[in-house]
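**Q** let me see the structure of the following:
(one chain, ligands or ions: 1)
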Amino acid sequence: MMAAEGWWRRGGGSREGRTFKRCSEVLHAANALEDAMQARSDEGLRDFSDELRRRHTAGTDLSVLLPEAAALVREGARRVLGQRLDDAQVLGGAALQFGAMVEMRTGEGKTLAVVLSAYLGALTGEGVHVMTANDYLAERDATAMGPLYRALGLACGLIVSGGAKESTPRSRRAAYAADVTYGTPSEMAYDYLRDNRAWDPDGVVQRGRRLAIVDEGDLILIDEARENPMIRRSGRKPDPLYGSLTTLVGRLRSGRHYTVDTDRRTVVLTDAGTERVEDLLGVGDLYRTADAQLLRVLDAVLKAKEVYRRDRDYLVTDTGAIEVITRRTGRPMTRGSFPGGLTQAIAAKEGVVVPADGHYLGEVTMHRFLRGYQRLSAIGGVATETRAYQDIYGLEVVRIPLGRPLRRVDQPPRVYPTASARLSAAIDETAVRSAAGQPVLLGTVSIAQTEEVSAALTAKGVAHRSLSAKNHAEEADVIAKAGRAGAVTVVTRMVGRGVDIPLGGGDPAEREAVVRSGGLHVLALDVFGARRDELQMRGRAGRRGDPGGSAVFTSLEDESLDRLFGHKNQWALAKFALDPSDTTRAVAYAFERALNGRTEQDVERLCSKVRYDDVLGEQCDQIYRQRKAVFDVRDHSAWMRAAVDGVVARETAAYPAAGGDSLRLHRALADIYPISLTPTELDDLRYDGLLTRLQADAQRAYDEREAELSPEVMRVFEHRCILWAYNKIWGEYLDASEDLMADTNLSTLTGGDPLAHFRNEAARRFATLPGLIERESVHHAFHQEVIVERDDTPRP
Ligand SMILES: Nc1ncnc2c1ncn2[C@@H]1O[C@H](COP(=O)(O)OP(=O)(O)OP(=O)(O)O)[C@@H](O)[C@H]1O
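**A** So this is what the prediction gives:
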């Protein structure tokens with residue numbers, strides 16, 4: 001066997017070592033079955049697959065079937081794809097099956113390793129979700145691996161977002177009905193959120209969250225979970241209120257009409273401001289008459305006007321999209337959005353297209369969504385954040401040794417005194433290597449840097465291609481050609497992740513020439529945020545035993561060095577800059593230490609974030625469970641009748657017998673149902689029988705509503721009212737939780753345990769939800785116009 005055995009002996013005592021030992025046993029057993037499997041016909045392979053399924057249904061544990069499954073998948077892949085799973089891939093697939101975060105170095109063939117675990121999981125008939133970094137990769141992998149699954153008697157589905165390929169709910173349901181479904185985690189999370197807002201079980205597209213296998217696991221489980229926390233289901237249409245209220249607040253003056261608190265990021269209308277808004281809107285009492293959405297948008301446009309600044313808090317892209325700048329890194333967040341309609345308000349302020357309102361359709365964090373799967377496993381090129389995988393996802397890291405020895409030559413980082421010295425050195429080196437027929441991949445940290453490098457290459461007369469676009473398919477095409485003889489390609493940091501760079505671009509003769517030239521050379525300009533990012537970048541070269549090289553060029557002017565080493569330690573780096581070509585171990589050691597320290601800090605931050613999010617996660621599970629239970633009840637009239645009584649009782653309880661304002665109570669009740677008593681009658685009843693009379697009055701109104709709609713329609717309508725109330729109240733609760741989180745952050749400044757504060761306050765607020773859901777259901781039942789369609793289904 002491969003180098004793995006020696007490795008296993010070294011790590012045999014640890015938990016990781018034990019798991020690896022189990023994987024090695026699977027590999028040995030699979031190897032022993034290889035001849036028998038090769039002797040089977042194609043049909044024989046499918047029959048064997050059916051047999052494995054039957055044995056599992058009859059009670060045999062999947063781990064027992066693992067060696068046979070490995071032998072079967074290996075033989076299937078050999079026949080269908082012309083790629084026999086090598087030992088590292090069997091080990092990786094087995095480790096996935098044991099529920100690990102598997103580290104398999106870049107280019108080792110993770111896509112195929114995933115198939116083994118997905119195949120086995122699919123034998124349960126429960127549906128496996130294979131997630132990867134973007135739509136392009138999901139489609140590529142589903143297309144490439146689909147024939148293999150089919151040959152083994154399994155169906156493979158694909159979920160992608162946007163464009164012409166956007167699937168309909170029906171095609172999505174079909175894709176999720178397949179044994180194995182490929183997609184991105186955000187797309188699958190959208191479906192999860194959408195399912196939890198469905199009006200009936202037929203509207204649900206997913207079959208549940210049983211088993212998820214995450215490819216590009218380091219990116220998704222760590223980076224996306226940290227940088228892009230919220231996955232929101234956005235509303236369909238942009239709200240025109242953002243435009244009109246932006247114009248309106250343009251006519252208000254700071255100080256006179258509102259006060260601004262930049263630290264707390266709040267803007268509050270003064271009395272004069274409130275009056276001015278009422279005048280401009282032509283409404284009486286703003287806070288009584290305006291609906292929640294108007295007040296929310298007003299708040300957002302005021303903040304957009306006064307608190308949020310372009311190029312500091314957000315960017316406006318060439319295509320007119322608003323991108324949030326992460327305060328921690330100063331970099332734009334991919335697909336991130338500001339809370340509470342701020343993104344829309346900023347778009348309106350900047351005069352670009354206002355995106356659909358992301359307000360209260362449900363949201364979930366990446367880690368909460370993934371942790372919600374009954375079984376989770378992941379695979380990635382570099383798994384440096386061991387503690388995060390363990391603590392957050394319950395995944396132990398299992399490292400798979402290289403299938404073939406690494407022939408890539410990694411140079412330690414070089415430090416140049418200035419950015420321009422670094423640029424010239426990089427351009428010179430690129431020109432020399434390219435002229436000698438060696439392909440060079442230049443990795444930059446920003447779009448601006450890509451442009452700068454591209455201009456310098458052009459000035460030097462070096463033909464090249466550069467990429468910073470967000471079109472993954474186009475990127476993949478350019479990246480795939482980056483291994484051609486003498487090719488020079490400039491890419492921004494994460495571009496092309498997961499895409500293979502075949503030496504010679506797939507041409508065998510050219511490949512030979514490129515191999516002779518030393519293989520692909522990766523040159524990273526600047527250190528990236530984490531050690532893992534650096535290794536990913538270097539890992540574009542030297543794949544599957546190919547020759548290659550990698551280098552990192554930094555400069556003392558790089559902000560990243562400042563962040564990495566701190567201002568104080570800059571002097572220590574300066575000595576390295578005296579001779580950048582002196583690639584001694586001291587430089588490598590200094591960088592490695594700093595990057596590891598940074599990784600630790602990032603992990604701690606992520607773990608702390610998750611502790612907060614867990615509070616909301618438990619509440620979300622409860623609400624979704626309750627909402628799902630609504631589907632199981634056919635007749636909700638008793639619940640609604642009780643809710644009517646409960647809602648009236650709560651409103652009345654807030655009205656003290658002595659000194660109570662009967663006009664106010666009347667107004668509050670009239671907002672819920674068509675009250676027939678007058679304020680004077682309420683006054684007369686205040687000491688005697690007020691609640692009984694009001695409840696009887698509300699029940700009478702409910703009788704009338706039922707008579708108006710017919711009992712049959714009312715039953716269906718009640719069902720919708722309750723579901724509607726869950727959607728609305730939970731959405732509002734999520735919005736309010738964001739504010740609570742912001743308040744909690746402030747409370748850290750004043751001492752105390754912020755997590756305990758957050759937990760207590762969230763629990764207190766959550767306890768009010770059942771009452772609010774009842775109120776919203778009753779309000780909706782009385783106020784919503786009902787249109788009965790031809791098929792007799794009422795629609796709120
Ligand atoms: N068993 C095999 N036999 C032959 N070729 C293989 C085998 N497994 C994978 N390959 C090829 O190796 C290349 C790399 O595979 P893949 O893209 O799955 O690697 P990876 O580990 O996911 O890389 P990355 O870390 O960059 O995402 C692909 O061209 C793939 O077709």
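
**Q** could you pull out the helices for the stretch 501-650 of the chain?
**A** Taking DSSP state H, counting those that start in this stretch, the helices of the stretch 501-650 of the chain run over residues 508-517, 531-538, 559-565, 570-577, 585-632, 637-653.

**Q** measure the residue of the stretch 601-750 of the chain found nearest the ligand to Ile379 for me?
**A** Here the stretch 601-750 of the chain gets closest to the ligand at one residue, Asp602, 20.8 Å apart by CB to the nearest ligand atom. C-beta: built from backbone N, CA, C; applies to glycine. To Ile379, Asp602 is 21 Å away according to CB to CB, to the nearest Å.

**Q** same question for Val445.
**A** Going from Val445 to Ile379 by CB to CB gives 26 Å.

**Q** neighbour count winner among those two?
**A** Comparing Val445 with Ile379 by neighbour count (other CB atoms under 10 Å), the higher total belongs to Ile379, at 29 against 20.

**Q** leaving out chain neighbours, which residue sits closest to the more buried one?
**A** Val102 (4.3 Å; CB to CB, 6 or more residues apart in numbering).

**Q** could you do Ser63 as well?
**A** Gln97 (6.9 Å).

**Q** can you get me a residue count around that neighbour?
**A** Gln97, neighbours per other CB under 10 Å, totals 28.

**Q** same check on the one 10 residues further on?
**A** As a burial measure, the neighbour count of Gly107 was computed by other CB under 10 Å and equals 23.

**Q** what distance do you get for the nearest residue to it once chain neighbours are set aside to the ligand?
**A** For Gly107, ignoring the flanking residues on the chain, the nearest one in space by CB to CB, 6+ apart is Arg543 at 2.6 Å. Distance, Arg543 to the ligand, using CB to the nearest ligand atom, to the nearest Å: 6 Å.

**Q** for the record, mean pLDDT for stretch 664-681?
**A** Here stretch 664-681 scores 90 as its mean pLDDT.

**Q** for the stretch 501-650 of the chain, which spans come out with low pLDDT?
**A** When residues are selected by pLDDT under 70, those of the stretch 501-650 of the chain lie in 528-530, 563, 566-585.

**Q** so which residue of it comes closest to the ligand?
**A** For the stretch 501-650 of the chain, the residue closest to the ligand is Arg544, as judged by CB to the nearest ligand atom, at 5.4 Å.

**Q** enumerate the residues of this protein near the ligand.
**A** 83-86, 89, 104, 106-112, 381, 498, 500, 544 (CB under 6 Å from any ligand atom).

**Q** I'd like the next helix or strand past the helix or strand harbouring Thr259.
**A** Using DSSP states H and E, Thr259 sits within strand 258-261. Using DSSP H and E, the helix or strand that follows strand 258-261 towards the C-terminus is strand 266-269.

**Q** ok, back up a step: the residue of the stretch 501-650 of the chain closest to the ligand - how many residues pack around it?
**A** By the criterion of other CB under 10 Å, Arg544 has 19 neighbours.

**Q** hmm, Tyr149 is touching Leu158, no?
**A** No. Applying CB atoms under 8 Å, one finds Tyr149 not in contact with Leu158, separated by 11.6 Å.

**Q** helices along the stretch 1-150 of the chain, start to end?
**A** Using DSSP H, counting those that start in this stretch, helices in the stretch 1-150 of the chain cover 4-11, 15-38, 42-57, 62-80, 87-97, 110-122, 135-151.

**Q** just those: most buried one?
**A** Stretch with highest mean neighbour count among the helices of the stretch 1-150 of the chain: helix 87-97 (a mean of 29; mean count of other CB atoms under 10 Å).

**Q** and that one, what does it pack onto?
**A** Using 3 or more CB pairs under 8 Å, 6 or more residues apart in numbering; DSSP states H and E, the elements in contact with helix 87-97 are helix 4-11, helix 15-38, helix 62-80, strand 100-103, helix 110-122, strand 375-380.

**Q** of the ones you listed, which shows the lowest average pLDDT?
**A** Comparing mean pLDDT across those, the weakest is helix 4-11, with a mean of 38.

**Q** got a list of what Gly506 touches?
**A** Residues in contact with Gly506, defined by CB atoms under 8 Å, 6 or more residues apart in numbering, are Ala480.

**Q** swap in Glu126?
**A** With contact taken as CB under 8 Å, 6+ apart, Glu126 is in contact with Arg207, Gly208, Arg210, Leu211.

**Q** same thing with Tyr258?
**A** Leu252, Val267, Val268, Leu269, Thr270, Gly273, Leu302, Glu306.

**Q** so the closest residue in space to the fourth one that isn't next to it in sequence bridges to which residues?
**A** Across the structure, with CB to CB, 6+ apart as the measure, the residue nearest Leu269 apart from its sequence neighbours is Tyr258 (5.0 Å). Taking DSSP bridges, one obtains Ser254, Leu269 as the residues bridged to Tyr258.

**Q** what's the angle from whatever helix or strand Thr430 lives in to helix 508-517?
**A** Using DSSP H and E, the element containing Thr430 is helix 419-435. For helix 419-435 against helix 508-517, the angle by axes from the mean of the first three to the mean of the last three CA atoms, to 10 degrees is 130 degrees.

**Q** residues making contact with helix 419-435?
**A** For helix 419-435, contacts defined as CB under 8 Å, 6+ apart pick out 414, 416, 440, 442, 452-453, 456-457, 460, 462, 486-488, 517-518, 521, 523, 525, 551, 553-555, 557-558, 580.

**Q** give the PyMOL command for selecting the buried subset of those residues.
**A** Buried subset of these, written as a PyMOL selection, criterion 16 or more other CB atoms under 10 Å:
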select buried, resi 414+416+440+442+452+453+456+457+462+486+487+488+517+518+521+523+525+551+553+554+555+558+580
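
**Q** what about Ala701, how many residues nearby?
**A** 18.

**Q** could you do the one 10 residues further on as well?
**A** By the measure other CB under 10 Å, the count of residues near Pro711 is 10.

**Q** look up how far Leu295 lies from it.
**A** As for Pro711, its distance to Leu295 is 38 Å (criterion: CB to CB).

**Q** picking up where we left off before, can I get the helices and strands packed on helix 87-97 in TSV including distance to Arg764?
**A** TSV is the format used below for these (distance: least, CB to CB, whole Å):
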stretch	distance to Arg764
helix 4-11	48
helix 15-38	40
helix 62-80	44
strand 100-103	37
helix 110-122	41
strand 375-380	32
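
**Q** which one of these lies nearest to His783?
**A** The minimum distance between His783 and the helices and strands packed on helix 87-97 falls on strand 375-380, with 43.3 Å, by CB to CB.

**Q** the inter-axis angle of the closest one versus helix 87-97?
**A** With the same axes, to 10 degrees applied, the angle from strand 375-380 to helix 87-97 works out at 150 degrees.

**Q** so what touches strand 375-380?
**A** Here strand 375-380 makes contact (CB under 8 Å, 6+ apart) with 92, 95-104, 110, 113-114, 117, 121, 210-221, 370, 389, 393-395.

**Q** 7 Å instead?
**A** For strand 375-380, contacts defined as CB atoms under 7 Å, 6 or more residues apart in numbering pick out 92, 96, 99-104, 110, 113-114, 117, 210-219, 221, 370, 393, 395.

**Q** buried subset of the residues you listed?
**A** 92, 96, 99-104, 110, 113-114, 117, 211-219, 221, 370, 393, 395.

**Q** got the domain ranges for this protein?
**A** The record's domain parsing of the chain by automatic domain parsing lists 4-230+365-399, 241-360, 407-583, 617-795.
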